[in-house]
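Undergrad: Structure of the sequence below:
(2 chains)
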Protein chains: 2
Amino acid sequence: MEYITGGICAPQGFKGNGVHCGFYKDENKKDLGIIVSERLCAAAAVYTTNKVYGAPITVNQKHLADGHAQVIICNSGIANTCAPNGPEIAEDTCRLAARALSKAAGNQAAGGSGAADYIVGASNVKALSITPENVIVASTGVIGEALTMKPFEKGIGSLVSNLGDADENSQAVAGAIMTTDTVCKEVAVSFHIGGKECRLGAIAKGSGMIHPNMATMLSFITGDVAISPEMLQKALSYDVDDTYNQISVDGDTSTNDMAVVMANGLAGNREITGEGADYDKFCEALRAVTKTMAMKIAGDGEGASKLIICKVKGADTKANARLISKSVISSNLTKAAIFGKDANWGRIICAVGYTPGDFDVSDIDICLGSEAGHIQVCKKSAMVEFSEEKALEILGADEITIDIDMNDGDQTAEAYGCDLTYEYVTINASYRS
Amino acid sequence: MEYITGGICAPQGFKGNGVHCGFYKDENKKDLGIIVSERLCAAAAVYTTNKVYGAPITVNQKHLADGHAQVIICNSGIANTCAPNGPEIAEDTCRLAARALSKAAGNQAAGGSGAADYIVGASNVKALSITPENVIVASTGVIGEALTMKPFEKGIGSLVSNLGDADENSQAVAGAIMTTDTVCKEVAVSFHIGGKECRLGAIAKGSGMIHPNMATMLSFITGDVAISPEMLQKALSYDVDDTYNQISVDGDTSTNDMAVVMANGLAGNREITGEGADYDKFCEALRAVTKTMAMKIAGDGEGASKLIICKVKGADTKANARLISKSVISSNLTKAAIFGKDANWGRIICAVGYTPGDFDVSDIDICLGSEAGHIQVCKKSAMVEFSEEKALEILGADEITIDIDMNDGDQTAEAYGCDLTYEYVTINASYRS
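TA: Numbering: from 1, shown residues only, chains lettered A, B, ... in the order given. Below you'll find the predicted structure:
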């Protein structure tokens, strides 16, 4: 498996685009994005567990009931949550996208020069009639504000007519879902199944209100692997428990979290319909993609100056390993200490201790590490002499690892967070203005 | 019932003192405190649920097994958690206090002039021999640092010889348990049971690492009520679920949380040994005391500029009402928005939605209020037009109320928190230095 460029356009048969349509005042801020597959995909998704959730989620649950999709359309700026006529607007957005794409494809078939040329690829008659039910919709932004169809209607034309599969196209979609994100988040990998080259690509956004409990804010994954919808859902659901669900920026689980994966089968591998070596290879590639995105999301947490990775080993159960690592990276006190380069391990062991569940805390070792070195700060749940200067040097890096050995079993897990900074407060004291 | 002055010295037969003994470098910072009752008290306590907990808790569980205590000794600066020889030091501290008090009482009986005069009150022969098992010990401060008996030994003499029951004495104990607290927290009430005047007094500390899950950081409550240890424990355990356990400053549950109540019976009421009108009056007074302290702790949260009170009504169960209100005041995003005077109710309903448990979220009303007025910002879980200027005015006050009506039943609860500020980050980026 190797990392490649191209993001969600890296797999065969996927195109994307992003434009400004008016959800933000700044005309340079892209706020409407689209991802289109040449042909119908097996598709799977996981959503937030927040009981208050965005209208797009209600619509997607219906649209994905048959395990297939072909298009993702997404906006930033307004979340379409607790908004008037939310579900109607989400459905109308799917209809708008389906109609515009089918029309563009029709124009092309009739000799037009629309950029959506692959839509009428010889192998893809279905695409001529994209149905609203095969469109996934996503929104991110302010909760509770009203939105109308106007910006969607304004933007859809240029969005569809300038579809492409260049690196810039993936970046344009990734840019269109950014809110307080400071960097564009994308990744792609290439791997082989049954001698066929397969590719997976992903984009994500997520900066605040990040404490996913099913998926992160928004993450869209594309693939050209042939895999059944059932196995795709199984792989995604299993994967997120170790990746997206192990991120926390601020402990707040969003109302709009959503991770969607679409696989169109163009790689030509024998379709994966059950467990086995092929499925394992797919899961491995999926893990590489989601873990990379998880770290990018955590490292770009609102106001963050450092990525914090907590690695737990020696736990008695997998569930406890996950909970402990997530508890540590979620601790405001630990996050503020890391921001201040303060090796205050008492806060780390405190967060281990208040993790829900029953486990032994009598023999915990804690090490801090970064590119500047590693240092043990706690042994057998007690203090150990260490050099404060060395600790300061280690904590000066941009990526800090907290290694915790519970000495209580052989289970491991990782979680991904960021430090708590002045900037986080600044951003969130005036998010709506 | 009326509020009175005197804190923990308000009830009959209690004296206190606080001195500097050396846990802090600053000689003006009191860091050793003591509370002594003229006679043996019924006593009850609740502790942190953190699996990593301070050595004092281990010791107190033993000392309170018989439901009685007479003395509380407490230090700030070092938490005696994950510290070498922690339990031995906690036991030695109890022995030191018992010996010093018995000696002072002995001197007095032999014609000495020790300030601990009441210890030899005619009615109180037992006090001449205070045993270590009747001493409660508490520590708060940095986790994982070693401590020795030296500061205790240095401070115990002046601590005991200057005991008193003036208002300043309660303040001295309250001052001795402060860490990053900015104000001294005490309260006292007077009420009647069976025609006898009874009093309850309390002090507390708690500024960071505040998300109690049994009791708050440290709270000591004194009373002259006659009540059995069993009913005292029952009253305290019931009470904290609605008061101390409903506070959050930063979501971090401390390793040293402890609330202790001692009642010496000097009020002369018929001992409360079961439920009934007398018990109810006691519980009402206890609630007045703990609720006041809970709000003081939340309002003085690390870096806080505002107290946030979330009142939930119309919930389907008491448990859900408690969880919902605590979820809202724990939300970093809501806390930062309140700091920025931003009426971003989307974050409030988001926090309601991710509250664990199963309940209806389709008909939620949200109002914001303060001394500057009240305003509805959400109706039936959807946006409602409101004046941003009025909202700004309301949120400019020091005490903000978030009223949430779930319209789903008749259960209510409150929770107490504070805003998230730059100052919180400053304090916690360098707590150890």
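Undergrad: For beta bridges, what are the partners of the closest residue to A:Tyr279 other than its chain neighbours?
TA: Residue nearest to A:Tyr279 in three dimensions, not counting chain neighbours: A:Ile272, with 5.2 Å by Cβ to Cβ, 6 or more residues apart in numbering or on different chains. Any C-beta I mention is one placed from the backbone N, CA and C, and that applies to glycine too. For A:Ile272, the beta-bridge partners under DSSP bridges are A:Ile227.
Undergrad: A:Ile272: how many residues sit nearby?
TA: 27 (other Cβ atoms under 10 Å in any protein chain shown).
Undergrad: Equivalent analysis for the one 3 residues further on, please.
TA: Other residues near A:Glu275 number 12, with proximity taken as other Cβ under 10 Å.
Undergrad: Assign it to helix, strand or coil.
TA: coil (DSSP: H, G, I helix; E, B strand; the rest coil).
Undergrad: The residue nearest to A:Tyr279: what's it in contact with?
TA: A:Ile193, A:Val225, A:Ala226, A:Ile227, A:Ser228, A:Met231, A:Asp278, A:Tyr279, A:Phe282 (Cβ atoms under 8 Å, 6 or more residues apart in numbering or on different chains).
Undergrad: ok, and the closest non-adjacent residue to the third one?
TA: Looking back up the chat, that one is A:Ala226. Per Cβ to Cβ, 6+ apart, closest to A:Ala226 is A:Gly265, 3.6 Å.
Undergrad: Closest one of the contacts of A:Ile272 to chain B?
TA: A:Met231 (29.9 Å; Cβ to the nearest Cβ).
Undergrad: which parts of the host helix or strand of the closest one are buried?
TA: Taking DSSP states H and E as the criterion, A:Met231 maps to helix A:229-240. Buried residues in helix A:229-240, counted by 16 or more other Cβ atoms under 10 Å in any protein chain shown: A:Pro229, A:Met231, A:Leu232, A:Gln233, A:Lys234, A:Ala235, A:Leu236, A:Asp239, A:Val240.
Undergrad: And the furthest pair within those residues?
TA: A:Pro229 and A:Val240 (16.6 Å; Cβ to Cβ).
Undergrad: where exactly do the helices run in chain A?
TA: Counting by DSSP state H, the segments of chain A that form helices are A:55-63, A:86-109, A:150-161, A:167-176, A:229-240, A:277-299, A:318-330, A:332-339, A:345-353, A:388-394, A:422-429.
Undergrad: which stretch in the ones you listed has the least confidence?
TA: Among the helices of chain A, helix A:422-429 has the lowest mean pLDDT, at a mean of 84.
Undergrad: and that one, C-alpha only, in CSV?
TA: The C-alpha trace of helix A:422-429 is given here as CSV (Å, rounded to 0.1, in the frame of the first residue of the first chain):
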residue,chain,number,x,y,z
TYR,A,422,-6.3,31.0,23.9
GLU,A,423,-7.2,30.8,20.2
TYR,A,424,-9.9,28.1,20.9
VAL,A,425,-11.6,30.6,23.3
THR,A,426,-11.3,33.4,20.8
ILE,A,427,-12.9,31.3,18.0
ASN,A,428,-15.7,30.1,20.1
ALA,A,429,-16.6,33.3,21.9
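Undergrad: Now that helix: buried residues?
TA: Result for helix A:422-429 [16+ other Cβ under 10 Å]: buried residues A:Tyr422, A:Glu423, A:Tyr424, A:Val425, A:Ile427, A:Asn428, A:Ala429.
Undergrad: still on that earlier bit, what about the residue nearest to A:Ala226, neighbour count?
TA: There are 22 residues near A:Gly265, going by other Cβ under 10 Å.
Undergrad: what do you get for the one 3 residues further on?
TA: A:Gly268 has 15 neighbouring residues, counting by other Cβ under 10 Å.
Undergrad: Chain neighbours aside, what residue packs nearest to it?
TA: Closest to A:Gly268 by Cβ to Cβ, 6+ apart is A:Lys196, at 5.0 Å.
Undergrad: my guess is that neighbour meets A:Glu271, correct?
TA: No: using Cβ atoms under 8 Å as the test, A:Lys196 is too far from A:Glu271 to be in contact (11.3 Å).
Undergrad: Which one's more surrounded, the two?
TA: Each of A:Lys196 and A:Glu271 has its neighbours counted (other Cβ under 10 Å); A:Lys196 has more, 16 against 13.
Undergrad: And the more buried one, how far from A:Gln376?
TA: Using Cβ to Cβ, to the nearest Å, A:Lys196 is found at 47 Å from A:Gln376.
Undergrad: who in the stretch 301-433 of chain A is up against chain B?
TA: Within the stretch 301-433 of chain A, the positions near chain B by Cβ under 8 Å from any Cβ of the partner chain are A:330-333, A:336-337, A:339-342, A:344-347, A:349-355, A:359, A:361, A:378, A:381-383, A:420-422, A:424-433.
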